[in-house]
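Undergrad: Predicted model and sequence below, questions to follow.
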Amino acid sequence: MGARAQYVVVKNGAWQRYQSHWAANRVVDDLLPGPDAATRCFRANRETDAWLDDVWCEGAALVDHDQRILLWFAFADSWADHLAARAVLARTWPGWDVRFAHDGMGDLTHHLGLGRDLTRPPGWFETFEPSWFADTENTEPWSVVSLRLPDGSVRAWGSGREPIEHIADGPGLIDLLAASPTTPPPTDMPYGGVHFDPQAHTVSLWAVQTVAGIHNWPLPGWENWTLDFRGDDHTQQGGLLPTDFPFPQPPLTAALRRLSDGLGTPPPDNGTLLARATAAPGPEGTAPLVNPAALVPHEPADPTPAELVELRIALDALVAGEEAN
């Protein structure tokens, strides 16, 4: 399979697409040195005339030099890793509008005027019967769900599901929540959160990951509800949480140091490993098959000395700022 990434470069009114079979977990690394280094990196990889869909594409970036807009998404190992990447990009892409593409490939194709559904089949958003299981032991939930009760108070729970999965359950989830036992407050920041206000018929959602379909509101079952989408800003929900259920505020120092330590680290040559695997004899009557694209290694960013100095300055300044707080 591979962790596939798609890149788009827009310049002088034209755009080109590129792909890398193994680069989804390196999108941030390739963006950090700035727009020129990122563009060279993307163009060094395989040009294509095809789009990856939201299933196969696990990371992507669109660099629009004409409008100075960067759209990107990739999975972060933690809330802190996402915020650290955002903080560095804000410094190494000065004068650019740097946006996390919460709608995944939909944000990229929408920016090009192609709509949001180009990489999604009809009826792709799957809904579920409402279900809820309160995990009363796990203090590191994937998301936090909160609910305003009829008396105006707010209750909150940790959840092992993504925020968009709670939306897929429909409003029927709310009654299950109200009858659910409490869970411990999180000991680490979750990847996202969702807040339901039945009286105001409003759903608020934030995430540091993609929530594909969020701009197709109303999603099935929520026709009479308003969406308050907060991007990756957790502070609105944080202000609503009960005092005994606060969001932790971990420092970004460790995440920034991880970015710094990864500079110049080449990606593993997975193609070589696959080639060796396919050369090994298989069970009788079988022959291993490998996508030829999987044998092509990713060409990482190769910043110039000046670009690398600017990146180091940005990282050092951010670390110093975190340590001073």
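TA: Nice, I can see it.
Undergrad: Near the residue nearest to Thr304 when sequence neighbours are not counted, how many other residues are there?
TA: Leaving aside its sequence neighbours, Thr304 sits nearest to Ala37 (CB to CB, 6 or more residues apart in numbering; 7.3 Å). C-beta: built from backbone N, CA, C; applies to glycine. By other CB atoms under 10 Å, 22 other residues sit near Ala37.
Undergrad: where does Ala37 fall, helix, sheet strand or coil?
TA: Under DSSP: H, G, I helix; E, B strand; the rest coil, the three-state class of Ala37 is helix.
Undergrad: got the contact list for it?
TA: Ala37 makes contacts with 30, 301-304, 307, as judged by CB atoms under 8 Å, 6 or more residues apart in numbering.
Undergrad: Which two of the residues you listed have the greatest separation?
TA: Among the contacts of Ala37, the pair separated by the greatest distance (CB to CB) is Asp30 and Thr304, at 14.4 Å.
Undergrad: between these two, who's got more neighbours?
TA: Asp30 (29 against 13).
Undergrad: This protein - how does it break down into domains?
TA: The chain is divided into the following domains under automatic domain parsing: 4-122+294-320, 143-240.
Undergrad: Can you name the residues that contact the residue nearest the centre of the chain?
TA: Closest to where the C-alpha atoms of the chain average out (CA atoms, centre = their mean) is Gln209, at 3.0 Å. Applying CB under 8 Å, 6+ apart to Gln209 gives the contacts 73, 75-76, 82, 162, 191-192.
Undergrad: that older thread, tabulate the domains of the chain in a markdown table, adding columns for mean pLDDT and distance to Ala255.
TA: Output for the domains of the chain, formatted as a markdown table (pLDDT from 0 to 100; distance: least, CB to CB, whole Å):
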| stretch | mean pLDDT | distance to Ala255 |
| --- | --- | --- |
| domain 4-122+294-320 | 92 | 4 |
| domain 143-240 | 95 | 11 |
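Undergrad: closest one to Phe128 among the ones you listed?
TA: Using CB to CB, the nearest of these to Phe128 is domain 143-240, at 5.3 Å.
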